[in-house]
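Student: Provided below for reference: sequence and predicted model.
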Amino acid sequence: MTSGSNSGDICNGIFRDGLLGKTPPYPTNIHDLEALAKEQLPPELYAYVADGAGNNTTLRDDRRAFGRWKIIPRMMRDITTRDHSIELFNDHLKAPILLAPIACQDAVHPEGEVAVARAAAAVGVPMVLSTVSGKSMEEVGDTPRWFQLYWPKDNAVTKSFLQRAEDAGYSALVVTIDTKSTGWRESDIAHAYLPHLRQKGIGNFLSDPVIRAALDEAPEDNFRAACAHIFAVHRDLTQEWDDLAFLRDNTNLPIVLKGILHPDDAREAVAQGMDGIIVSTHGGRQVDGSIAALDALPPIVEAVGDKMPVLFDSGIRHGADIMKAIALGARAVLLGRPYIWGLAVGGEDGVRQVLEFLLADYDINMAQSGLTTTAQLGPDILRRADE
Ligand SMILES: Cc1cc2nc3c(=O)[nH]c(=O)nc-3n(C[C@H](O)[C@H](O)[C@H](O)COP(=O)(O)O)c2cc1C
């Protein structure tokens, strides 16, 4: 990425269009984008995406934690040529950004995950596809992508998911370990709303040969029975650290554990031979009152050292947030809710605008801070606001 491409081109294009009376099709500011999505989505669906667990304390704290760190820009450096790319497992990323796995995108837009994958491919940002995807993992193609596993109770189903992900060309496996069951999400309870019961987010299950073989009738003929079976097998409350050996033995993909907040759990992930971890509060949707993800990051990075990459999500909204998370030791970040707001208001185009603008914001904020590569980000560029 150089100043002559991406962010420069985006800005030039926007200002040129402005002379013709044209402004960007969707709100530029992420909060305005969310407000527009709120107007357009049914209230229960907006709340499903927007809200967190309990009193939304962690959801708010995740954002506040970013405010405690301030960037100290440096001046008088040559910033002509910029390259923010990183290598991560088998992938070359043009910037240290991936799309977080988000369930039930088919509820938000008819094209759901397929539209997101197209936008991700156009911009060059890998996507992590949720287990709870409207489309099957085979239908979501044409972009570098990882598969996120909610680890089923039935080993045969797990094996099937792992094999399908490899066969379909996914390049890493993200195993979400913070969601053995769903958090106490007051909005969803108030609306009595669970998208899966309305046939959303079940593409991977309905298309799975092992699940289909276990049903007396095809899901198309008896959706209720299929749903009951899916609910019976889709999660397991008993899994413990040593059980990860089963996944290790059944996939050749790098395994990344998502949802780590304690340094000892990070050390355990290393001990179990995992390939990476994601520090995350699941967007404040699991444990209300838990530590903010950004506050959890530095001690985890210290505990892990250079033994595996530490990724980060929960609260990324702007380029500055990406800089802060990387400076505190994350190798890359995952973008969550913002791209869903883009999907809600503009489908593939909406997601593309969100991603292009985020990349441009990151590039320009880096340049204005005197930084030309992601590798230059370290704790020295930050100061705590309360110090
Ligand atoms: C509506 C919604 C659905 C989600 N579904 C999943 C999922 O299926 N699997 C998963 O690992 N994480 C899921 N997450 C968590 C995200 O991957 C990510 O951790 C979170 O969105 C980060 O918080 P942020 O969006 O506030 O930045 C979901 C989050 C939201 C908002």
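Tutor: Sure, I can see it.

Student: hey, let's count contacts and neighbours off CA atoms from now on
Tutor: Will do.

Student: Now do the single longest helix found in the chain, average pLDDT.
Tutor: Counting by DSSP state H, the longest helix found in the chain is helix 337-368. For helix 337-368, mean pLDDT rounds to 98.

Student: what do you get for stretch 273-290?
Tutor: Across stretch 273-290, pLDDT averages out at 98.

Student: hang on, the earlier thing: helices or strands up against the longest helix of the chain?
Tutor: If contacts are counted by 3 or more CA pairs under 8 Å, 6 or more residues apart in numbering; DSSP states H and E, helix 337-368 sits against helix 6-19, helix 30-40, helix 105-108, helix 112-123, helix 319-327.

Student: Return the list of helices and strands in contact with the first one.
Tutor: Using 3+ CA pairs under 8 Å, 6+ apart as the contact criterion, the secondary-structure elements in contact with helix 6-19 are helix 337-368.

Student: Ok, the last one next?
Tutor: In terms of contacts (3+ CA pairs under 8 Å, 6+ apart), helix 319-327 is packed against strand 332-335, helix 337-368.

Student: Determine how far the longest one lies from the middle of the whole chain.
Tutor: In other words, helix 337-368. When distances are taken as CA atoms, centre = their mean, to the nearest Å, helix 337-368 is centred 13 Å away from the chain's centroid.

Student: what's the angle from it to helix 319-327?
Tutor: Interaxial angle, helix 337-368 versus helix 319-327 (axes from the mean of the first three to the mean of the last three CA atoms, to 10 degrees): 80 degrees.

Student: how about helix 337-368, does it reach the ligand?
Tutor: Yes: Helix 337-368 comes into contact with the ligand (CA under 6 Å from any ligand atom), by way of Arg337.

Student: sorry, back to before: what about the helices and strands packed on helix 337-368, which gets the closest to Ile278?
Tutor: Closest approach to Ile278 among the helices and strands packed on helix 337-368 (CA to CA): helix 319-327, 11.8 Å.

Student: So for Glu113, which of the helices and strands packed on helix 319-327 sits nearest?
Tutor: In terms of CA to CA, the element of those nearest to Glu113 is helix 337-368, at 9.3 Å.

Student: buried residues in the closest one?
Tutor: Across helix 337-368, burial judged by 16 or more other CA atoms under 10 Å covers 337-368.

Student: Spell out the residue ranges of the helices in the stretch 51-200 of the chain.
Tutor: 57-67, 105-108, 112-123, 155-167, 186-191 (DSSP state H, counting those that start in this stretch).

Student: What residues does the stretch 201-350 of the chain have near the ligand?
Tutor: 280, 282-283, 313-316, 335-337.

Student: Distance check, the residue nearest the centre of the chain against the ligand.
Tutor: Nearest to the geometric centre of the chain sits Ala100, at 1.0 Å (CA atoms, centre = their mean). From Ala100 across to the ligand, the span is 4 Å (CA to the nearest ligand atom, to the nearest Å).

Student: ok, now Glu166?
Tutor: Taking CA to the nearest ligand atom, one finds Glu166 at 18 Å from the ligand.

Student: Check Arg16 too.
Tutor: Where the ligand is concerned, Arg16 sits at a distance of 32 Å (CA to the nearest ligand atom).
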